[in-house]
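A.B. asks: Any chance you can model this:
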Amino acid sequence: MKHLYFISNNLVSKANVIYPKSTTFNTVRERTMLNSKGEMKAVALTKYKVLDDIEVVYSSEYFCAMNTAKYIAESKALDIVIDARLNERVVGELGCNEYRFLKGMQEHDFDYKLQNGESINDVRARMTEFLYDVLISPEKNVLIVTHNIALLSLMLKFCNQGFNLYDRLILDYNEEVIFDGVFHEMDLIEVVYDDNTFVGIRRLI
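C.D. replies: Numbers count the residues shown, from 1 in each chain. Below is the predicted model of the structure:
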């Protein structure tokens, strides 16, 4: 059996960091750090028994993801393998639109994207490509630190889809809610395969 543990630590810092004017929006997102509570949540992961047997740690290129991965990696003397396919969805040119507009549009149309941005299906494609590479790797217990929208995009592969009373996308597997359309401080989702055959999925946090 292969156990894949996907984490999204959504507690990022709101500190106003002043960057050079030439710094792009996407670069700022990539460099955003965890806030103090996010750091504590990341440290607490080292105490989770279900993660005791982790053999390899993958992370996106984002600072908040690497800062989440580092505690388990250090506690188990493992390297952190950076993979850009785990990065968060590229927003693109928002223009006069608000971020919530984009999220709402993309939850109803998985092909919708802004100029220079990614759709949900674009992200799902690269996340699925990453998944297949992990499935053929020898490690049986894998920690994968990614981001909320990227993780949701991959979960579409396994879950039933619906909408809550606020018209937000929800995902469930075997009547267990995996994404409920509301903000969570951290997502920890286990996906299990047996000889490259999907077995099941559950939300741990």
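A.B. asks: Show me what counts as buried in stretch 159-177.
C.D. replies: 159, 169, 170, 171, 172, 173 (16 or more other CB atoms under 10 Å). Yep, even glycine has a C-beta here, placed from its N, CA and C like the rest.
A.B. asks: oh, I was asking about stretch 124-138
C.D. replies: Neighbour count says stretch 124-138 has 124, 126, 127, 130, 131, 134, 135 buried, by 16+ other CB under 10 Å.
A.B. asks: Repeat that for stretch 23-33.
C.D. replies: Neighbour count says stretch 23-33 has 29, 30, 32, 33 buried, by 16+ other CB under 10 Å.
A.B. asks: Looking at those, which one is closest to residue 56?
C.D. replies: residue 30 (22.5 Å; CB to CB).
A.B. asks: And the closest residue to residue 148 other than its chain neighbours, what's its pLDDT?
C.D. replies: The spatial neighbour of residue 148 that comes closest, neighbours along the chain excluded (CB to CB, 6 or more residues apart in numbering), is residue 8 at 4.7 Å. At residue 8, the pLDDT value in this model is 98.
A.B. asks: Parallel or antiparallel, list what pairs with the strand or helix carrying residue 8.
C.D. replies: According to DSSP states H and E, residue 8 maps onto strand 2-9. Here strand 2-9 is paired, per DSSP bridges, with strand 141-146 (parallel), strand 186-194 (antiparallel).
A.B. asks: Could you list the residues in contact with the last one?
C.D. replies: Strand 186-194 has contacts (CB atoms under 8 Å, 6 or more residues apart in numbering) with 1-11, 41, 45, 48, 50, 135, 148, 151, 155, 158, 178-179, 198-205.
A.B. asks: Check stretch 171-185 too.
C.D. replies: Counting by CB under 8 Å, 6+ apart, 9-11, 37-38, 41, 152, 155-156, 158-164, 166, 168-170, 187, 189, 200-203, 205 sit against stretch 171-185.
A.B. asks: and with 7 Å instead?
C.D. replies: 10-11, 41, 152, 155-156, 158-161, 164, 166, 168-170, 189, 201-203 (CB atoms under 7 Å, 6 or more residues apart in numbering).
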